[in-house]
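**Student:** Generate a structure from the sequence data that follows.
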Amino acid sequence: MLDKSFRLTVLDLMDNNIGERGCAWMGQALAEGGNRSLRKLSLDHNPGIGDAGCRALSEGLRSNETLEILGLEFCGVGPSGARSIAQVIYQRTTKLKTVRLMGNKIQRQGFVNLAMGLKRNATVEVLDIGDNEIGEYPPTDTDRLALENVIDCLEGNATLKGLNLDLNFIGSSGFDLLDEQHRKRMRINAMGPRAGCDGPRR
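**Tutor:** Residues are numbered from 1 along each chain as shown. All right, here's what the predicted structure looks like:
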């Protein structure tokens, strides 16, 4: 007999060969009018998701008002996928508090896209974009402009508490390109003992 009081709050589908089609179905299930009980969705280690899957999932999440934790670590997400996530967190209806994107390839443009999404976001507390090929070694003027753009976007954000930039070239060497005021602001929003990687990637 079906227990009508059952409410699914956590769904972990790590390493399940999920791709664009699976993400499209999940997006539809989590869109407005669908599931309203899920609080945590983990899709880590599904490299077939990529930008297309991220976009398909995000189409549903843009109208979702209950999900709080989204995990897409090591899912082959690039700058376009990061833009799709940015469009989700840009929505004032979102309840997302933690977004985990470690181990993807969102690169510098994806970082800027996410910052633009956070510009008017009032819910996200933790953004993990460690190991995402952000920036170059040594850091370039373009890296500096990207950092300044991110800082400008986060200027009015009072919610973000943790920003993990570990294992990205735009780390501590990138901070040296900025003035003291900007460096202090970025360190306030950095998680862990360091915010970047100064040497060659592993």
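**Student:** measure the closest residue in space to T9 that isn't next to it in sequence to V88 for me?
**Tutor:** Closest residue to T9 in three dimensions, ignoring its sequence neighbours and counting by C-beta to C-beta, 6 or more residues apart in numbering: R39, at 4.7 Å. For every residue, glycine as well, the C-beta is placed using N, CA and C. R39 sits 15 Å away from V88, going by C-beta to C-beta, to the nearest Å.
**Student:** Ok, L67 next?
**Tutor:** For L67, the distance to V88 - C-beta to C-beta - is 9 Å.
**Student:** Equivalent analysis for E155, please.
**Tutor:** Relative to V88, and taking C-beta to C-beta, E155 is found at 21 Å.
**Student:** which is the next helix or strand following the helix ranked longest in the chain?
**Tutor:** Ranked by residue count and defined by DSSP state H, the top helix of the chain is helix 141-154. For helix 141-154, the following helix or strand on the C-terminal side (DSSP states H and E) is strand 162-164.
**Student:** Quick check: buried residues in that next one?
**Tutor:** 163-164 (16 or more other C-beta atoms under 10 Å).
**Student:** helices or strands next to that strand in the packing?
**Tutor:** Contact partners of strand 162-164 among helices and strands, from 3 or more C-beta pairs under 8 Å, 6 or more residues apart in numbering; DSSP states H and E: strand 126-128.
**Student:** So what are the sheet partners of the helix or strand hosting V99 and their directions?
**Tutor:** Using DSSP H and E, V99 sits in strand 98-100. Sheet pairing for strand 98-100, assigned by DSSP bridges, gives strand 69-71 (parallel), strand 126-128 (parallel).
**Student:** Tell me who's in contact with T159.
**Tutor:** Residues in contact with T159 (C-beta atoms under 8 Å, 6 or more residues apart in numbering) are 121-125.
**Student:** Same question for G33.
**Tutor:** So G33 contacts nothing (C-beta under 8 Å, 6+ apart).
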